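How does the following fold in three dimensions:
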Amino acid sequence: MNEARRAQLWSLLGELPKYRPITAELRHVEQADGYRHEHLLLDLNGLELVPASVLVPDGLTAAAPGVVFHHSHGGHYPFGREELLRDCEWFQRPWGPELARRGYVVIAIDNWCFGERSHTSEMDTFKRMLWHGQVLWGMMMFDSHRAVDYLVSRPEVDPTRIASIGLSMGCTAAWWLAALDPRVQCTVGEVCLTEYQSLLANHALDCHGVYYFVPSLLRRFQTEDIIDLIAPRAFLSLTGDLDRGTPPEGIERIREVCTPTWTRAGAAERLRLLRYPVGHLETPEMRAEALTWLARWL
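Below is the predicted model of the structure:
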C-alpha cells in the first residue's frame, strides 16, 4: 500500500528528469577542524549542474552515517548550501561542523534558484517549469533524491544509515524526501511541519513561498498522508507555537492521525512531535533534541 501511495505522490510532482548516471567533479577541498569540505559539481538531473558540499569527518575507520542537509529559504537566494557552514538568523550555530565532528558524512546542495543556481528568479523558474509540465517542488525533490543516490555511493557512507534534516523550507524538504525515498531512516524537521487544512483555515498561505505549492496535491494528499509514508522510520518534528506558518492545531491533527500508524507498526517511539513557545526559529533545546534523535536512530 505504501509503495502505491508513494508512487502516487511522485506522480504529482510533474515531468521529472530521466535517471542517468551521476557524475561528480571535485572543484576543490578545504581542510577544517575535524573534517574536510569537498566542493563538488554534480550532474543529478541532466539539465543543470548542481553545486554541492560534502563534509567528511577526519579519521573514519568504518562506513559512517550519512546526512542530507536541506537549506532554508527566507528569501536568502545567494546562500543555498552555504547555510550548512554559516551563521543564520534562525540557527543557534551552523549545522555542518557539528554534524561532521560527531562522525556524520554530510551533503548539502544548492536548490533550484539558490546559491550558485540563483541565476534565475524563483518566480520565473516556477512559471517556466509549469509551461514544460514541471513542478518546481518536484524538481527540488528529484535533486534531493538523487543526492541520496550520490551519498550512498560514497565508500565513507553506510547506505543503511541515512538521515534527512532541515529547517523552514529545509524542514519541508526533509519530511517530503523521507516520504518519497524509503532509504531515509531518520528525519528531523524544524519549524515547518504544516498541516495544510489548518494553514488554509488560518489564512496563512503567505507564510510559504511559491515553491511550496504542488498542483492537485490536496485532491490526493493531506500532510498527515505524506507523513504516514515515513512510518515506521524515525521522524522528529520540532515546531514553534508562535509560528504563523505552522498552526499548532495542525500539529495536533497530524499527531492524532499518524500516531496510530506508528503504533500499529510497533514503532511508537520513532514518532515524536514537539512544540515550543517560540516563533520561526531554532532554540538550544531544539538543537539538543535533534542531535539526540540522530544519535539514537542512526
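
What about residue 208, how many residues nearby?
By other CB atoms under 10 Å, 17 other residues sit near residue 208. For glycine as for every other residue, the C-beta is placed from the backbone atoms N, C-alpha and C.

what does the one 4 residues further on give?
Around residue 212 sit 19 other residues, with neighbours defined as other CB under 10 Å.

With the one 5 residues further on instead?
The criterion is other CB under 10 Å. On that basis, residue 217 has 19 neighbouring residues.

isn't it right next to residue 13, touching?
No - with contacts counted by CB atoms under 8 Å, residue 217 stays clear of residue 13, the gap being 9.5 Å.

List the buried residues of stretch 206-226.
207-209, 211-212, 214, 217, 221-226 (16 or more other CB atoms under 10 Å).

Apologies, that question was intended for stretch 13-32.
Of all the residues in stretch 13-32, those buried under the rule 16+ other CB under 10 Å are 13, 14, 16, 24.

can you check stretch 34-49 too?
35, 37, 38, 40, 42, 43, 44, 45, 49.

So in that sheet, which strands flank the helix or strand where the third one lies, and in what orientation?
For residue 38, the host element (DSSP states H and E) is strand 35-43. Strand 35-43 sits in its sheet next to strand 23-32 (antiparallel), strand 50-57 (antiparallel), going by DSSP bridges.

closest one to residue 9 among those strands?
With CB to CB as the measure, strand 50-57 is the member of the strands paired with strand 35-43 nearest residue 9 (22.3 Å).

contact partners of whatever helix or strand comes next after that closest one?
Once the chain leaves strand 50-57, the next helix or strand it forms, by DSSP H and E, is strand 64-70. With contact meaning CB atoms under 8 Å, 6 or more residues apart in numbering, strand 64-70 is reached by 57, 81, 84, 95-96, 99, 103-108, 111, 144, 147-148, 151-152, 154, 156-159, 161-166, 169-171, 173-174, 177, 184, 294, 298.

Quick check: the most centrally placed residue in the chain vs residue 277, distance?
In the chain, the centroid-proximal residue (CA atoms, centre = their mean) is residue 174; its distance is 2.3 Å. Distance, residue 174 to residue 277, by CB to CB, to the nearest Å: 23 Å.

just residue 114 next, same as before
From residue 114 across to residue 277, the span is 31 Å (CB to CB).

and if you look at residue 85?
Applying CB to CB to residue 85 and residue 277 gives a distance of 30 Å.

So which of these two has more stuff around it?
The neighbour count for residue 85 versus residue 277, taken as other CB under 10 Å, is higher for residue 85 (18 against 8).

can you tell me which residues contact the more buried one?
By CB under 8 Å, 6+ apart, the contact set of residue 85 is 37, 53, 94, 96, 97.

neighbours around residue 158, how many?
14.

which outside residues touch stretch 33-44?
Residues contacting stretch 33-44 (CB under 8 Å, 6+ apart): 20, 22-31, 49-58, 85, 97, 100-101, 109, 142-143, 146-147, 149-150.

Could you list the low-pLDDT ranges of the protein?
Filtered on pLDDT under 70, the chain yields no residues whatsoever.

Please repeat the previous calculation with a cut-off of 90.
Scanning the chain for pLDDT under 90 picks out the ranges 1-2, 74-76, 86-92.

For it, just list every one of the strands.
Using DSSP state E, the strands of the chain run over residues 23-32, 35-43, 50-57, 64-70, 105-109, 157-167, 184-190, 234-240, 271-276.

could I get the first one in CSV with only the CA atoms?
The C-alpha coordinates for strand 23-32 follow below in CSV (Å, rounded to 0.1, in the frame of the first residue of the first chain):
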residue,chain,number,x,y,z
THR,A,23,28.9,12.4,-12.4
ALA,A,24,30.8,14.3,-9.9
GLU,A,25,33.5,16.9,-10.5
LEU,A,26,35.7,17.8,-7.5
ARG,A,27,36.3,21.5,-7.6
HIS,A,28,38.5,21.9,-4.5
VAL,A,29,38.9,20.6,-1.0
GLU,A,30,39.3,22.6,2.2
GLN,A,31,40.6,21.1,5.5
ALA,A,32,38.7,22.3,8.5
